[in-house]
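Trainee: Quick one: sequence plus predicted model below, questions after.
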Amino acid sequence: MFIWFIRHQLKQALRSSIWQKNVATNIILGFILLLLFMDLLFVGLMIDKILNQLYPDRNPVTVFNGIILYYLLGDLVIRFFMQQLSGFSFEAYLHLPIKKSAIVHYAALKTLLSIFNILPYFVFLPFAFKVIPSVYSTGMAWTWLVSMISLTLANNFFTAWLKRQLGSKPKIVGFVALAVALLIVLDYFKVLSLSTFSGTIFDYITQHAMIVLVPVALLIASYLNYYLFLRRRLYPEELRLLKDKKVDVLSTMHYFKRLGLIGDMITLEIKLLWRNKRTKTFLMLFPIFVLYGLIFYTQPTYKDSFGFLIFVGFFMTGGMMLGYLNYTFGWESSYFDAILTNNIDFNRYLRVKYIIAQVLCTICYIVTIPYVFFGWDILLVNTALYLYNMGFLAFVLLYMATFNKKRMDLSRNSAFNYQGIGASNWLAVLPGFLLPILLALPFRLAGYPKAGFLFLGILGMAGLVFSRSIIKMILRNLEKRKYIMADGFRQKG
Amino acid sequence: MIDVQNLTKIYSGETVLNIPSLSIGGGESFGLVGNNGAGKTTFFRLVLDLIRSDSGWVQSNSIPVARDDSWKAYTGSYLDEGFLIEFLTPEEYFEFICKVKGLSDGDLNDFYNEFFDFFSQEVLGKKKYIRDLSRGNQKKVGIAAALMGDPEVLILDEPFNGLDPTTQIRLKMLLKDLRKQRDVTMLISSHDLNHVAEVCDRIVILDKGLIVRDIIRTDDTLKELEDYFYTQISTSARKE
């Protein structure tokens, strides 16, 4: 039976339009993945040297074992947020004479096909067979490796179970989150030391081969737990990750009504962003965008770097806007026909999108003003980039968005979700990341870096002044491309 | 009201629609029947300017639909779920469409009064998003929204398909009323010959993109339609 499941799944994967049409996305993803593999492999091969450099007088195995608990905790959190649960739609098999247990085993085992279960080996394998034998023996390396594999896979089934709980018993998720947070806090205030604890356990396991049975038992327990969970509720409606939600408070929001039709369209966009999973997870990135400066401004090498200042300024004030405008029509793909047949004037439609982009940009700008604490230059750069984003980049992105033509499924998480993203979306990122630096560079080379910032700001202000005519230009492109867009948006799957 | 000249649509080398000339008069109730792939939806999409024709044009009220948007103000349409905004509640959707059509809150109230029975207590006040409604109820929302604001032209693709029996009957009564009381031009497609024969004054059969019959309804129309599709079976049997 498994052979059939695998065959069907392979066909599903190969025949999905993501493979067939999205060549650019696949190439870029493949390239990033390759880099990641190489990077991790490098770390794995060099791990003894790295550990030696950091702690020259300590046993490298103990040092490494000391971080394993942190790793497992981090793995748990990352998996919870990013790992997609298997898309095995077993509804099509339930009514056939197939043993339920076979279906469930397959559904449970399929979670193993995740990149999170592959990446760790790039570090584990070299460490087990290069470092451990140099301190202990090859036999112990095996013991260590088996226990590590068991624990990561136990994590895999545990998070899968935990994610399913979100739908039925969200409290359990809350408890686990609380426990993890408590551990981290206790460790931070040195009430208990996870690293000593971790070092002791894993050193002990490495040296006592029989103890390896404990991690293996954990793996079996977590698998059975997940298996039984699925087995008990093999009805599709009980397995949905989130239940039908009650209508949210936005339905009583009448604030924008006074703006007339434009206000109604703004309300519609807000509901679009808030009520779909993919767009909502995008909104959740807000803190990451605005806190980005903390990474760079706290380090003098970056703080005084011309390029980094501009990049960080762009990213903090314009990152959210870029994410929004880049897919703005794609997000509406499921009802684009409604927009075309109803009496919605495109000029107004584009202006609504521009207003929301401006609002996003402005919120990000205001929130990042306190970075002035790190120096007035930062405020100057951010203000210049804020104007540049609103008056220049926004129009470039809106124009590029008229090349959206892939239907986007908004019901899934946005992390690692490349469904519906096409070449134009990748291209649109370039003017954001590179252009401001390139535009300001000549001034810097001539010895007037501040003039470069000023130039970006003036460019943005010019765009703001001429916004109406620029929107008209974009409108003409939208008029021309609407059939291609609508046709693409109608293609499901 | 709707005039078509030399209209063709080609998908990957295959002509899926070819209408040399067709004229639908104001107030006419026009039914379109045909098997799957006959070009019904393609025709409606061309009339609604949702796809670009490969040649020819469609005019609404003597204005080409592809060049001017003014037809949108007096045309109500529902082809498929692509016309619904699924993350809104039905009420929010109606309110939005109401605004877009430039109607007042009073009009919205009249609309609710008029369609209260049509929804048979399944749609309104349920505090559910459209995406969580059943297919049939989604369709009710779409059809009702198309009828909002007394459109002069009404375009519905397979409106009866997927509706419960009561709603099918209600919809038929509603459409007949529209035909009688107001001067609404209706374009309706259906797989069910009974429904079309009952609601429409003029029925056109499409086959592989071509108009093969153009019938003004009489008492024998249903028989004529059924005979046409019977002969289809016998001709294809003969070919084999």
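Mentor: Cool, the structure landed. Numbering: from 1, shown residues only, chains lettered A, B, ... in the order given.

Trainee: Return the distance of the residue nearest to residue B:66 when sequence neighbours are not counted relative to residue A:337.
Mentor: Closest residue to residue B:66 apart from its sequence neighbours, by C-beta to C-beta, 6 or more residues apart in numbering or on different chains: residue B:49 at 5.2 Å. (Glycine included, C-beta is placed from N, CA and C.) With distances taken as C-beta to C-beta, to the nearest Å, residue B:49 is found 11 Å from residue A:337.

Trainee: With residue A:7 instead?
Mentor: 36 Å.

Trainee: out of the two, which sits in the busier spot?
Mentor: residue A:337 (23 against 10; other C-beta atoms under 10 Å in any protein chain shown).

Trainee: And that one, what's its pLDDT?
Mentor: In the prediction, the pLDDT value recorded for residue A:337 is 90.

Trainee: how about it, what does it touch?
Mentor: With contacts taken as C-beta atoms under 8 Å, 6 or more residues apart in numbering or on different chains, residue A:337 has the following neighbours: A:486, A:489-490, B:50, B:79-80, B:82-83.

Trainee: ok, residue A:206 touching residue A:131?
Mentor: No. With contact defined as C-beta atoms under 8 Å, residue A:206 does not count as touching residue A:131 (11.1 Å).

Trainee: Common neighbours of the two, please.
Mentor: residue A:61.

Trainee: Buried residues, the lengthiest helix in chain B. List them.
Mentor: Ordering each helix of chain B by length in residues (DSSP state H) puts helix B:221-239 first. Buried residues in helix B:221-239, counted by 16 or more other C-beta atoms under 10 Å in any protein chain shown: B:221-222, B:224-225, B:228.

Trainee: Pick out whichever of those residues sits closest to chain A.
Mentor: Closest approach to chain A among the buried residues of helix B:221-239 (C-beta to the nearest C-beta): residue B:225, at 28.9 Å.

Trainee: circling back: among residue A:206 and residue A:131, which residue is more densely surrounded?
Mentor: residue A:206 (26 against 22).

Trainee: Kindly format the C-alpha coordinates of the helix or strand containing that one as PDB.
Mentor: Element membership for residue A:206 (DSSP states H and E) is helix A:194-207. C-alpha atoms of helix A:194-207 as PDB (Å, rounded to 0.1, in the frame of the first residue of the first chain):
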ATOM      1  CA  LEU A 194      20.900  23.700  31.100                       C
ATOM      2  CA  SER A 195      24.400  23.500  29.700                       C
ATOM      3  CA  THR A 196      25.900  21.600  32.600                       C
ATOM      4  CA  PHE A 197      22.800  19.400  32.700                       C
ATOM      5  CA  SER A 198      23.000  18.700  29.000                       C
ATOM      6  CA  GLY A 199      26.800  18.100  29.100                       C
ATOM      7  CA  THR A 200      26.400  15.600  32.000                       C
ATOM      8  CA  ILE A 201      23.500  13.600  30.400                       C
ATOM      9  CA  PHE A 202      25.000  13.300  26.900                       C
ATOM     10  CA  ASP A 203      28.500  12.500  28.200                       C
ATOM     11  CA  TYR A 204      26.900   9.800  30.300                       C
ATOM     12  CA  ILE A 205      25.000   8.400  27.300                       C
ATOM     13  CA  THR A 206      28.100   8.500  25.100                       C
ATOM     14  CA  GLN A 207      30.000   6.400  27.600                       C
END
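
Trainee: Residues touching that helix, excluding its own?
Mentor: Under C-beta under 8 Å, 6+ apart, the answer for helix A:194-207 is A:61-63, A:65-70, A:73, A:132, A:136, A:140, A:143-144, A:147, A:183, A:187, A:211-212, A:214-215.

Trainee: Apply 7 Å and report the result again.
Mentor: Residues from elsewhere that reach helix A:194-207, judged by C-beta atoms under 7 Å, 6 or more residues apart in numbering or on different chains: A:61-62, A:65-70, A:132, A:136, A:140, A:143-144, A:147, A:183, A:187, A:211-212.

Trainee: Count residues in the vicinity of residue B:61, would you?
Mentor: With other C-beta under 10 Å as criterion, residue B:61 counts 17.

Trainee: That one and residue A:140, how far apart?
Mentor: If you go by C-beta to C-beta, the gap between residue B:61 and residue A:140 works out to 86 Å.

Trainee: Count the residues that sit near the residue of the stretch 151-300 of chain A found nearest chain B.
Mentor: When scored by C-beta to the nearest C-beta, the stretch 151-300 of chain A has residue A:275 as its residue closest to chain B, at 4.1 Å. The number of residues packed near residue A:275 is 20, by other C-beta under 10 Å.

Trainee: Same check on residue A:223?
Mentor: Count around residue A:223 with other C-beta under 10 Å applied: 22.

Trainee: SS state for it?
Mentor: helix (DSSP: H, G, I helix; E, B strand; the rest coil).

Trainee: So it versus residue A:450, what's the distance?
Mentor: Distance from residue A:223 to residue A:450, by C-beta to C-beta: 61 Å.

Trainee: now do residue A:102
Mentor: Distance from residue A:102 to residue A:450, by C-beta to C-beta: 69 Å.

Trainee: now residue B:8, what's its secondary structure?
Mentor: Going by three-state DSSP: residue B:8 is strand.

Trainee: In three-state terms, label the closest residue to residue A:115 other than its chain neighbours for me.
Mentor: Once flanking residues are discounted, residue A:115 sits nearest to residue A:33: 7.7 Å by C-beta to C-beta, 6+ apart. Three-state assignment for residue A:33 (three-state DSSP): helix.

Trainee: circling back: could you redo the buried residues of helix B:221-239 as JSON lines and give each row distance to chain A and pLDDT?
Mentor: Formatted as JSON lines, those follow (distance: C-beta to the nearest C-beta, whole Å; pLDDT from 0 to 100):
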{"residue": "B:221", "distance to chain A": "30", "pLDDT": "82"}
{"residue": "B:222", "distance to chain A": "31", "pLDDT": "83"}
{"residue": "B:224", "distance to chain A": "33", "pLDDT": "84"}
{"residue": "B:225", "distance to chain A": "29", "pLDDT": "84"}
{"residue": "B:228", "distance to chain A": "30", "pLDDT": "85"}
